[in-house]
Structures are given as C-alpha cells and as structure tokens.
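Participant: Dropping a prediction and its sequence here:
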Amino acid sequence: MAPSYKMSEVGWRPIHRMGVRIGADIGKVDRQVTLPGGGWVQVRSADNPDSLRGEGLDFVVFDECAFMQEAAWIDAVRPALSDRQGRALFISTPKGHNWFWRNWLRGQDDGEGEWQSWRFPTSTNPYIEPSEIEAARKQLPQRTFEQEYLAEFIDDAGAVFRNIRACVAQGPAKPSTSHHYVMGVDWAQSYDFTVLTVIERETRRVCAIDRFNQIGWEVQRGRLQVLARQWNVCDILAEENSIGGPNIEQLQSEGLPVKGFTTTAQTKQDIIVALQLAFERGEIGIPDDEMLMGELQAFEATRLPSGRWRYEAPEGMHDDCVISLALAWEAANRPSNIQIVRSAASLYGSRERPVRGLYGGRR
C-alpha cells in the first residue's frame, strides 16, 4: 500500500517485473500478480480507506505510511489481518508525532510483544554515497535534513521557520544613500493583506514593512511608490499571479524597477526553503514586529500524497507577511538590474537629484 496511486508505482514496477519473470498472471488494471501456486500480490492506494475493505490478508506493507490516513490501518487493513492472523510492516519517513510515531513507540516498548520497531538513517543505505548525504546536510534546512535523512521524529514537524527570535535586529533601520534596498510585494485587496517588505542588500536586514487591505489598487500602488522612494529601492519583486499582473505593468510604465514573480507550487517551495535556511543560519535580520513574528511561527508545511510539500498559514490565519518577506529575500539574493553610482532616488522622479549615474545591465 502507498499513500496515492502515483506513489504506488514505486512498488508496482518491481513486482510486475518479478511476476513476468516467473510466468505469473499479470492484472495491470487492478495491479495484481496472481502466482502459479495460487497466491497473489496486489499494489493498492490508501487515499480512499473505505475501498480497502475486503478479504483476509496474510501480509501487508505500508509504504510511506506516515502520509496516509490512520483509518486505512484501523478501519480497513487491521480487521482484514485477523482472518488469517496476518502481519504488517510499516515503512515511512517520519512526519511529526502522528499514528506512525505511536506505532513506532509500541515497537520500543518491551510490554508490546507483538510490535518491533527500527530506525534506519540514510547513511545505512550502502547505495548512497556519504558525500551526497553531506551535501544534503549543507544545503537543506536542519529540520528537513533530520527528518528526511536521519529518520528522526521532529517535535515541530509542522512548523517551517526556526531560530526566529535569534534573528531579531536591534534598533531602528535608517535609509542610507550608500546602501542598496530591495522590496518584496504580496498583493491582496479584501480578506487578505497587501504587504510590502524592504530589505537592505548589504546587511540582509528588514528595514520596513507596510501591511494594508480594503483599499483600491491605485492607492496601493501609491503607497508602494512612497515606500520605494523613502528607501531608494533599486529592485522590486512582486507576485505576478492574477491581480498582480496589471499592477506590475502599471508600475513599470511609471518607471519603477519591478519584476514579476509567478507563484507555483515549486517556485513557492523554492523561496520558502531559501528563507528557512536564512533563519536557521542567522543570515537575516527582522524587526520585532508582532504580526510578522506570529505569521512566521504559525506557518506550516504539509507533505502531500504526491510527495511534494504545501506551504501555507493554518486555516483562518494569514501568511501575507511571510510571502512578502520570502519575495524580498529572493530579490536580495538575485543580481541587481541596476548599478547605482550615486542614488536610486532618481528612479522615483526626485526633483532634488537629477537622473544620472544609472546604468543598465547586470552586476
């Protein structure tokens, strides 16, 4: 059994090959191999636990069971094992303290004679080079590495950002004409919030946050221009999906250095993981802002049946500050479109400073 039909292909392929080799009857539609001696092996998906009810079983393997509903075991498979006094093997990457963890604890308890449990980190696999594991340790957030490579049950497995308090910067930030500033923009209008976040490239410090909703797009663009002028922002990365596109085009027509960011499951994961690493390594400085801190602490990661991660705020909460911060961090780590020799204030039509010293091209 696997969490989803797609993931069940991993188990089906070798079983199918072995079945062909011994001349078994192969049922590709229901993914069942009927052996010459009369027994059978079938690969199933656990995404609908009720569909698993049926005849007695001798042996069941749960693959990545931490990502299945417990009902697949309790309501469907466990009763089916009783008929033939069958056995079960649970295999999985840990995922917090869920039902897989509780079963693992049973195997560690001498009083649970029917249960045994083991932990095998990736290093016990002779087919994976130690250098690959070390590379992953350096590149991945600590929590991800501990869970995915060390097979450890992490207490805060649902939490994404750690070391947040240690990254709080002391004292107010002040604009400097010798430093470069970037901005991340997450758009919204009614229920959610538009959030503008400014980061200083040199110090990687969050200098300003503007959060608002229930106002029109023209006013929103005006607030963005004011904040960009105040901090001499030289690069702006704004979410481009749906409502973002027209706003970006309008800002670009007014001469602002805005780039669009198309949010997909993969690109969102990329910028969130980069921000995770920034907090864990202490590379970012943030203000002691109650709203930002609350969103960072509540932000969650959920492993989907497909194996991908979904990043979002808990139900009923917002993550606009987190996404804006992640976009600003992405902008701070990209090559700049503009080399600033004197002052970026001239991008915004400052009458005190004429347009000069600005050159196109990448650094």
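Facilitator: Right, received. Where do you want to start?
Participant: where does the stretch 151-300 of the chain have low pLDDT?
Facilitator: Applying pLDDT under 70 to the stretch 151-300 of the chain flags the ranges 155-158.
Participant: which residues in it form helices?
Facilitator: Using DSSP state H, counting those that start in this stretch, the helices found in the stretch 151-300 of the chain span residues 217-230, 244-253, 265-280, 290-298.
Participant: So for the longest one, what gets flagged as buried?
Facilitator: Going by neighbour count (16 or more other Cβ atoms under 10 Å), the buried part of helix 265-280 is 268, 271, 272, 273, 275, 276, 277, 278, 279, 280. (Each C-beta comes from the backbone N, C-alpha and C, glycine too.)
Participant: quick check, nearest of those to residue 199?
Facilitator: Within the buried residues of helix 265-280, proximity to residue 199 (Cβ to Cβ) peaks at residue 278, which comes in at 10.3 Å.
Participant: so who does the spatially closest residue to that closest one that is not a sequence neighbour touch?
Facilitator: Spatial nearest neighbour of residue 278, chain neighbours left out: residue 284 (4.2 Å); criterion: Cβ to Cβ, 6 or more residues apart in numbering. Taking Cβ atoms under 8 Å, 6 or more residues apart in numbering, we find residue 284 in contact with 167, 199, 204, 205, 206, 275, 278, 329.
Participant: tell me which of those residues is nearest to residue 87?
Facilitator: Set against residue 87, the nearest of these by Cβ to Cβ is residue 275 (44.0 Å).
Participant: Does that closest one touch residue 327 like I think?
Facilitator: No: at 9.5 Å, residue 275 does not count as touching residue 327 under the criterion of Cβ atoms under 8 Å.
Participant: For the spatially closest residue to residue 175 that is not a sequence neighbour, give its distance to residue 145.
Facilitator: Nearest residue to residue 175 in three dimensions, chain neighbours excluded: residue 231, at 5.3 Å (Cβ to Cβ, 6+ apart). Look at residue 231 and residue 145: by Cβ to Cβ, to the nearest Å, they are 36 Å apart.
Participant: Of those two, which one has the most company?
Facilitator: The residue with more neighbours, out of residue 231 and residue 145, is residue 231; 24 against 17, by other Cβ atoms under 10 Å.
Participant: Tell me which residues touch the closest residue to residue 120 other than its chain neighbours, please.
Facilitator: Nearest residue to residue 120, sequence neighbours excluded (Cβ to Cβ, 6+ apart): residue 151, at 6.2 Å. Counting by Cβ under 8 Å, 6+ apart, residue 151 touches 93, 94, 119, 120, 121, 122.
Participant: of these, buried ones?
Facilitator: Among those, those that count as buried by neighbour count (16+ other Cβ under 10 Å) are 93, 94, 122.
Participant: Surely the last one touches residue 128?
Facilitator: Yes: at 5.9 Å, residue 122 and residue 128 qualify as touching, with contact defined as Cβ under 8 Å.
Participant: Break the chain down into its domains, please.
Facilitator: Domain assignment for the chain by automatic domain parsing gives 9-117, 119-156, 165-360.
Participant: of all the helices of the stretch 151-300 of the chain, which lies closest to residue 68?
Facilitator: Taking Cβ to Cβ, helix 265-280 is the member of these nearest to residue 68, at 20.9 Å.
Participant: what's that closest one in contact with?
Facilitator: Residues contacting helix 265-280 (Cβ under 8 Å, 6+ apart): 140-144, 160-164, 167, 204, 261, 283-284, 296, 301, 308-311, 322-323, 325-327, 329-330, 333.
Participant: which element is the closest residue in space to residue 109 that isn't next to it in sequence on?
Facilitator: Closest residue to residue 109 apart from its sequence neighbours, by Cβ to Cβ, 6+ apart: residue 115 at 7.2 Å. Using DSSP states H and E, residue 115 sits within no helix or strand.
Participant: how many neighbours does residue 115 have?
Facilitator: Neighbour count for residue 115, taken as other Cβ under 10 Å: 15.
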